[in-house]
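A.B. asks: pasting the sequence and the predicted coordinates here, then a few questions.
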Amino acid sequence: MWNCDEPLLLCETATSKQRSTTLLSYLSSGKLDRRENHTECFKRMIKTVEWTNEGIRMIDQRLLPTEEKYLMLRSYEEVAEAIKKMVVRGAPAIGVSAAMGLALGASQSVGTSVADLEDDFDHMCKVMGLTRPTAVNLFWAIERMRETFRREKAGTQDAGVIKARLIEEALKIFHEDLQANRALGRFGAELIHDGDTVLTHCNAGALATAGDYGTALGVIRGARDAGKRVAVIADETRPFLQGLRLTAWELAKDNIPVTVITDNMAGHVMKSGKVNAVVVGADRIAANGDAANKIGTYMVAVLARKHEIPFYVAAPISTLDLSLKSGQEIPIEERDWKEVTHIRDYQLAPDGVDVQNPAFDVTPNELITAIITDKGVARAPYEASLSELAGTKADSVKR
Ligand code: MRU
């Protein structure tokens, strides 16, 4: 079994110095004893989004699992469109893609002065910010890129230097996401027992992050890599079918046993005693621990409470939005009705029928057993535990 728990070794974009320092420390700690393990890990890693010399390379998630096709995006507008159309989706993956898109856009700006570059960059940030409203990782990544611009502008009048720093920052966000998910996976693994069956909703795996481990699936991979046997039940996740298409695809690729059920089977399956824990991802977590995630998550949380099954939310610190007091303030994306009436281009509903398509719902904090982050595991009362993990005092949280 492959087991390389240092994502920096797996990245094409890590500098050779970063890689050799990490590799040396791994070799000396005995965690990685053969160079071939590294190559094997790299080949197996699911690469959701990558920075290349030609542009930003993404796997087209709309076509999975029947077609494994990679797109090369050559402008920030193409990246924004890819986020909107769900070529790339999942909160951390959206954040990483947006950061790379902004770095790409800035590098292509014809503005030679810092002021011209700044005008262009502001516009790009606005376009990126209008792609999807719920995942806070998008706005978090845009703000980090803006902050990088502000910081560099204070020290240079050379637009070329700022462009280079923006690329470095986007790559840093990418690497940090890989590392955060490995850390989160290690914390989460402690909550999973050998032989457990875990139910998950949507896809919070490698495909929903920069690649490699994922968040909810990172907990499952963390348990697997800690030597525990884990099986997964994946809700199909209507209407976009992330569970059926993406979670099943990536777990099967990773040889983790997975069984797919339709969303309306979850109650029956829990009642029959087949589920030991539920682990889901999140798109935005408010200061009080209320968590927005894919539509249907709330229903799963209610069922888990009814059947006394622990319900865990796994998300990196970048998914926290401590400026929001509760989940009531989280904007919920309403998507095209055609996602409900059709499966791909095949129409199932009668013409003209009224449809609703909220893409997310909010699970109230009282239904959440714990929130697993890359900094540790938070438990109720979340206002205190989350702000402590995020390194902010609860009483300084913006309202
Ligand atoms: O609409 P999507 O596919 O972007 O929604 C994805 C989810 O709801 C995920 O569970 C969430 O972003 C966490 S991904 C690590």
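C.D. replies: Okay, I see it. Numbers count the residues shown, from 1 in each chain.
A.B. asks: around the ligand, pick out the residues from the stretch 1-150 of the chain.
C.D. replies: R89, G90, A91, P92, A135 (CB under 6 Å from any ligand atom). The way it works is simple: take the backbone N, C-alpha and C, and place the C-beta from them, glycine included.
A.B. asks: could you count how many residues lie near the third one?
C.D. replies: Think A91. Residues near A91, counting by other CB atoms under 10 Å, number 28.
A.B. asks: and the gap between it and E334?
C.D. replies: Applying CB to CB, to the nearest Å, the value for A91 to E334 is 17 Å.
A.B. asks: re the thing from before, just flag the most distant two among the residues of the stretch 1-150 of the chain next to the ligand.
C.D. replies: Largest separation among those by CB to CB: R89 and P92, giving 10.5 Å.
A.B. asks: residues shared between the contacts of those two?
C.D. replies: A208 (CB atoms under 8 Å, 6 or more residues apart in numbering).
A.B. asks: of those two, who's got more company?
C.D. replies: Using other CB under 10 Å, the more surrounded residue of R89 and P92 is P92, with 33 against 26.
A.B. asks: contacting residues for that one?
C.D. replies: Counted by CB under 8 Å, 6+ apart, P92 has contacts N137, D177, A180, N181, A208, T209, A210, T215, P316, S318, T319.
A.B. asks: SS state for it?
C.D. replies: Using DSSP: H, G, I helix; E, B strand; the rest coil, the structure places P92 in helix.
A.B. asks: burial measure for the residue nearest to it when sequence neighbours are not counted, as a count.
C.D. replies: Closest residue in space to P92, ignoring its immediate chain neighbours: T209 at 4.2 Å, by CB to CB, 6 or more residues apart in numbering. If you count neighbours by other CB under 10 Å, T209 ends up with 32.
A.B. asks: repeat that for L63.
C.D. replies: By other CB under 10 Å, neighbour count at L63 equals 14.
A.B. asks: looks to me like it is in a helix.
C.D. replies: No: L63 sits outside any helix when classified using three-state DSSP, being coil.
A.B. asks: pretty sure it sits against L71.
C.D. replies: No: here L63 lies out of contact with L71, judged by CB atoms under 8 Å, at a distance of 9.8 Å.
A.B. asks: in three-state terms, label L324 for me.
C.D. replies: Per three-state DSSP, L324 ends up coil.
A.B. asks: now it, what are its backbone angles?
C.D. replies: Backbone dihedrals for L324, given as degrees, to the nearest 10, come out at phi -100, psi 130.
A.B. asks: that one and the ligand, how far apart?
C.D. replies: 17 Å (CB to the nearest ligand atom, to the nearest Å).
A.B. asks: for D60, same thing?
C.D. replies: Counting by CB to the nearest ligand atom, the gap from D60 to the ligand is 14 Å.
A.B. asks: give me the three-state assignment for V362.
C.D. replies: strand.
A.B. asks: now for the residue lying closest to it once chain neighbours are set aside, how many residues are close by?
C.D. replies: Nearest residue to V362, sequence neighbours excluded (CB to CB, 6+ apart): G327, at 3.6 Å. Residues contacting G327 under the criterion other CB under 10 Å number 23.
A.B. asks: residue contacts, G327?
C.D. replies: G327 neighbours (CB under 8 Å, 6+ apart): A286, N288, D290, A291, A292, V362, T363, P364, N365.
A.B. asks: which of these lies closest to D120?
C.D. replies: The closest of the contacts of G327 to D120 turns out to be A292 (CB to CB; 31.9 Å).
A.B. asks: secondary structure element for that closest one, which one?
C.D. replies: A292 belongs to strand 291-294 when elements are defined using DSSP states H and E.
A.B. asks: other SSEs contacting that strand?
C.D. replies: Applying 3 or more CB pairs under 8 Å, 6 or more residues apart in numbering; DSSP states H and E, we find strand 291-294 packed against strand 284-286, strand 360-363.
A.B. asks: now render these as TSV, adding mean pLDDT, mean neighbour count and distance to the ligand.
C.D. replies: TSV is the format used below for these (pLDDT from 0 to 100; neighbours: other CB atoms under 10 Å; distance: least, CB to the nearest ligand atom, whole Å):
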stretch	mean pLDDT	mean neighbour count	distance to the ligand
strand 284-286	98	29	9
strand 360-363	98	24	6
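A.B. asks: adjacent strands (with direction) for the strand holding A292?
C.D. replies: strand 284-286 (antiparallel), strand 360-363 (antiparallel) (DSSP bridges).
A.B. asks: out of the ones you listed, which comes closest to E388?
C.D. replies: Among these, the nearest to E388 by CB to CB is strand 284-286 (14.1 Å).
A.B. asks: check contacts around the residue of the stretch 151-300 of the chain found nearest the ligand.
C.D. replies: For the stretch 151-300 of the chain and the ligand, the shortest gap (CB to the nearest ligand atom) falls at G281, measuring 2.7 Å. Contact analysis of G281 by CB under 8 Å, 6+ apart lists 90-91, 202, 204, 208, 214-216, 293-294, 313-315.
A.B. asks: pull the number of nearby residues for the closest residue to it other than its chain neighbours.
C.D. replies: Ranked by CB to CB, 6+ apart and with sequence neighbours excluded, the top spatial neighbour of G281 is A204, at 2.7 Å. By other CB under 10 Å, 34 other residues sit near A204.
A.B. asks: and A189, by the same measure?
C.D. replies: A189: 21 surrounding residues under other CB under 10 Å.
A.B. asks: before we move on, what about P133?
C.D. replies: 18.
A.B. asks: re the thing from before, wait, which of the helices and strands packed on strand 291-294 is closest to S272?
C.D. replies: Closest to S272 of the helices and strands packed on strand 291-294 is strand 360-363 (CB to CB; 22.9 Å).
A.B. asks: starting at the chain centroid, how far to the closest one?
C.D. replies: Offset of strand 360-363 from its chain centre (CA atoms, centre = their mean, to the nearest Å): 16 Å.
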